[in-house]
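Q: based on what follows, work out the 3D shape:
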Amino acid sequence: VLNDQIDQLFDDQDLEGISEKLGEMRDALTGLANLPDYLDRCDRLNNLSNRLEAILSPKLISTFNNDKWEEAKIYYKIFRDMGREGELYNYYYRTHKTTTQKQLNQLRMSGNVDTWLHEFYSSVLELYHAQLSWTSGIYQDHTVVVISLVTLCLDSSDLHHEINNFISDSQTPVRALKSLLDIMYRFAGSLGKEIGDLESEAAEKLGTSIITPYAKHLASLGDKVKSSLLRDVHSLAMRVKRTSSDSVSELHKSTKKVLDHVNNCIPDCLELTDGFTLIDVIGAIEFYFDLLVEKICAFIREMRVAFGVEIGSQPSFQEDHWVGFQSCFKLFQILGECYSDITSLQQQCINTVINHNSKGPRLLSRLEIWAESDPVKYATNKSLLESLADGSQTALFDKTFELFKKPINHCNKLCLDFVLLHVRSNLEGVHLSEEWTAGEGAVFSPSPLTYITNLGDYLLLLPQQLEPFFAEENLPLDTALRMVDFTQFPGMLQTVEGDAFAWLTCVCQSTMFTLVEMILKIHRLSGAGCKQLIADVAYISNVMGALEVPLSRDIVDISRLLSIPIDRIDSTDDIPKYLRGKILAMRRSPY
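A: Next comes the predicted model:
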């Protein structure tokens, strides 16, 4: 009977009547599950439902496009009676998503995504408000239905494509990402206020659909920071100019840009990913510092060539000697300043981590996107954040600090070699002087020769040249000196502390080492020549006393070997054998 009735209703296009009869048929079937033709009856009911849905399909699209509230209410009842609410929602979703897609297509033609993303999100927010009002009284759970609609509208491959291309193609990907996120966060914040504290799967899916286009870019923030920093470090000007002072001044300007380059990296990491990418970002910063150190070392090598201290090089700087000396020490101070700046940056970053509070739209903050996307990475970064917060870890850039000792020590060697170049120049050829082979009848003057007095005068001028750097507290230079490994230089003890006196001592010890090398090149010493050399060594010993620098062991031993009779030299067992042999050979040589 029901079959005959429903066929008539289809002929009459009585849609509500059809729906009512289909409901009666469905109710009737619940008690007929044991009949042999039960499945056939179910198929018949399903086919009739499909037939009704086919009739309603164009009407539904028209109803949703034109916001026909009464008709929508009737159609919702029909589909609910058929047990097909989900199909009705699909028509509803497709209709509005098609409209939203058309709006998106028009916006895409107007320029880059950063110029129209706000307008697109605003249209989605307007859609939410309008549909929340319109669906009230139609759907039983209209809020969840509208949230699902917004979710589908946001889940657009074209939108994802535009966002991805804009960030990936940007020369400043971090800045590009932040510009889009600022727009998105405002949208998510506004939408979250409208939704309130609704805890549902639909709200979670909505939050996921909002963050998804940005998620992979946020997860790879470390790579983006690294890319930006790579461009930044290559922009630093560190080339030797016409004068040493201009060269050092340019380097100083470049090192002052370092903090500007890296200052916001960790705050951005905390703001954008809640620290999920902290280890990656720290790695990017240390990569930047690696390249910075390489550039500084290359600059120092160029300076060595320009000063002529590199073996085989000719000086290109045409300037007063002490101007060059001041430039060397200024460079030394700049590197100490840069090291101190990085130390301050590290503490600033740690303080930022300690004071960081997760914030952002509630719609997004309640998602566990980082823990779900990469649990191992999440756990590792979380552990680092916690150890920084509780003080169990107090450093971020250990590798950088260790690496930065390299250019500082290179610069110290430049300063020393600059002085020693003058010392060697002053001693050049002295071992061939006829003074060493003067006959016994020659008139001997106890006065030291010009070469040694010039050398002494030069050394005595060093404190005066250092005074501008140490007249007042100079933390950057003190920092650089503490990084120097003085033990690699002749006569420097393991216990030496890096300070101005240590540097002066190092210069004097190296000077005495160079003087000893010159003395040991003397082939023959007459009696008069021996007395002259004793006077020269005594003079330089007095200079060292005036500078409060202890004499090197070799200078003391040579002075002693020159002063005692030749036949007693072999009995001085406390003096190294090679030194005894050299001095003995000089003094025994025929004149």
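Q: so which residue is dead centre in this structure?
A: For the chain, the residue nearest the mean C-alpha position is Ile285 (1.7 Å; C-alpha atoms, centre = their mean).
Q: surely that one is within a helix?
A: Yes: when DSSP: H, G, I helix; E, B strand; the rest coil is applied, Ile285 is found to be in a helix.
Q: doesn't Asp268 make contact with it?
A: No: under the contact definition of C-beta atoms under 8 Å, Ile285 does not touch Asp268, with a separation of 11.4 Å. Backbone N, C-alpha and C define where each C-beta goes, glycine included.
Q: what touches both of those two?
A: Counting by C-beta atoms under 8 Å, 6 or more residues apart in numbering, the common neighbours of Ile285 and Asp268 are Val225.
Q: give the next helix or strand downstream of the helix or strand encompassing Asn50.
A: Secondary structure from DSSP states H and E places Asn50 in helix 38-65. From helix 38-65 onward toward the C-terminus, using DSSP H and E, the following helix or strand is helix 69-82.
Q: mind listing what's buried along that next one?
A: By neighbour count with 16 or more other C-beta atoms under 10 Å, helix 69-82 contains the buried residues Ala72, Ile74, Tyr75, Tyr76, Lys77, Ile78, Phe79, Asp81, Met82.
Q: now stretch 244-261, how far from the chain's geometric center?
A: Its chain's average C-alpha position is 19 Å from that of stretch 244-261, according to C-alpha atoms, centre = their mean, to the nearest Å.
Q: and the contacts of it?
A: Contacts of stretch 244-261 with the rest of the structure, by C-beta under 8 Å, 6+ apart, involve 229, 232-233, 236-241, 288, 292, 296, 299, 303, 306-307, 317, 319, 323-324, 326-328, 330-331, 334-335, 337-338, 341-342, 345.
Q: what about the residues you listed, which are in helices?
A: Secondary structure assignment by DSSP state H places 229, 232-233, 288, 292, 296, 299, 303, 306-307, 323-324, 326-328, 330-331, 334-335, 337-338, 341-342, 345 of the contacts of stretch 244-261 in helices.
Q: buried ones among those residues?
A: Neighbour-count burial (16+ other C-beta under 10 Å) is assigned, among these, to 229, 232-233, 288, 292, 296, 299, 303, 306-307, 324, 326-328, 330-331, 334-335, 337-338, 341-342, 345.
Q: and the one helix or strand Gln131 maps to, C-alpha only, in CSV?
A: Secondary structure here is read from DSSP H and E; on that basis Gln131 sits in helix 113-135. Extracted in CSV, the C-alpha atoms of helix 113-135 (Å, rounded to 0.1, in the frame of the first residue of the first chain):
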residue,chain,number,x,y,z
VAL,A,113,48.5,37.4,-1.1
ASP,A,114,49.7,39.9,1.5
THR,A,115,47.6,42.6,-0.2
TRP,A,116,44.3,40.7,-0.2
LEU,A,117,44.5,38.1,2.6
HIS,A,118,42.9,40.4,5.1
GLU,A,119,40.0,41.0,2.7
PHE,A,120,39.6,37.3,2.2
TYR,A,121,39.5,36.5,5.9
SER,A,122,37.1,39.4,6.4
SER,A,123,34.7,37.9,3.9
VAL,A,124,35.0,34.5,5.7
LEU,A,125,34.2,36.2,9.0
GLU,A,126,31.2,38.0,7.4
LEU,A,127,30.1,34.6,6.1
TYR,A,128,30.3,33.1,9.6
HIS,A,129,28.2,36.0,11.1
ALA,A,130,25.6,35.9,8.3
GLN,A,131,25.2,32.1,8.3
LEU,A,132,25.1,31.8,12.0
SER,A,133,22.2,34.1,12.0
TRP,A,134,20.5,32.6,9.0
THR,A,135,20.8,29.0,10.1
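Q: quick check: buried residues in that helix?
A: For helix 113-135, burial by neighbour count (16+ other C-beta under 10 Å) applies to 113-114, 116-117, 120-121, 123-125, 127-128, 131-132, 134-135.
Q: mean confidence score for that helix?
A: Helix 113-135 comes out with an average pLDDT of 95.
Q: which helices and strands does that helix pack with?
A: Helices and strands touching helix 113-135, by 3 or more C-beta pairs under 8 Å, 6 or more residues apart in numbering; DSSP states H and E, are helix 85-108, helix 142-154, helix 157-169, helix 173-195.
Q: which of these is buried the deepest?
A: Comparing the helices and strands packed on helix 113-135 on average neighbours per residue, with mean count of other C-beta atoms under 10 Å, the densest one is helix 142-154 at a mean of 22.
Q: could you list every helix and strand that that helix packs against?
A: If you count contacts as 3+ C-beta pairs under 8 Å, 6+ apart, helix 142-154 packs onto helix 85-108, helix 113-135, helix 173-195, helix 201-219.
Q: how far off centre is the longest one?
A: Taking C-alpha atoms, centre = their mean, the mean C-alpha location of helix 85-108 is offset from the chain mean by 43 Å.
Q: ok and it relative to helix 113-135, angle-wise?
A: Relative orientation of helix 85-108 and helix 113-135, computed by axes from the mean of the first three to the mean of the last three C-alpha atoms, to 10 degrees: 150 degrees.
Q: quick one, grab the pLDDT at Val293.
A: Reported pLDDT at Val293 in the predicted model: 97.
Q: one more: Glu472?
A: pLDDT, the model's per-residue confidence, is 86 for Glu472.
Q: swap in Thr99?
A: 92.
Q: roughly how far apart are the nearest residue to it once chain neighbours are set aside and Glu85?
A: Leaving aside its sequence neighbours, Thr99 sits nearest to Asn65 (C-beta to C-beta, 6 or more residues apart in numbering; 7.6 Å). In this view, Asn65 and Glu85 are 20 Å apart by C-beta to C-beta, to the nearest Å.
Q: likewise for Leu259?
A: The span separating Leu259 from Glu85 equals 60 Å under the rule C-beta to C-beta.
Q: same question for Asn66.
A: Taking C-beta to C-beta as the measure, Asn66 and Glu85 are separated by 21 Å.
Q: can you get me a residue count around Ser245?
A: Residues within reach of Ser245, counting by other C-beta atoms under 10 Å, total 16.
Q: hang on, it in a helix?
A: Yes: in this structure, Ser245 lies within a helix as judged by three-state DSSP.
Q: need the contact list for Ser340.
A: Contacts here follow C-beta under 8 Å, 6+ apart; on that basis Ser340 touches Leu475, Pro476, Thr479.
Q: number of nearby residues for the second one?
A: Spelled out, that is Pro476. For Pro476, the tally of surrounding residues (other C-beta under 10 Å) stands at 18.
Q: do the last one as well
A: Neighbours of Thr479 under the rule other C-beta under 10 Å: 19.
Q: then Lys413?
A: Lys413 has 17 neighbouring residues, counting by other C-beta under 10 Å.
Q: helix, strand, or coil at it?
A: Of the three states, Lys413 takes helix under three-state DSSP.
Q: and what of Ser392?
A: coil.
Q: run a quick neighbour tally on it.
A: The burial count assigned to Ser392 is 8, neighbours taken as other C-beta under 10 Å.
Q: phi, psi of it?
A: phi -70, psi -20 (degrees, to the nearest 10).
Q: from Val281, how far off is it?
A: Ser392 sits 20 Å away from Val281 when distances are taken as C-beta to C-beta.
Q: so where is the stretch 301-450 of the chain shaky, pLDDT-wise?
A: Segments of the stretch 301-450 of the chain classed as low confidence (criterion: pLDDT under 70) are 366, 440-445.
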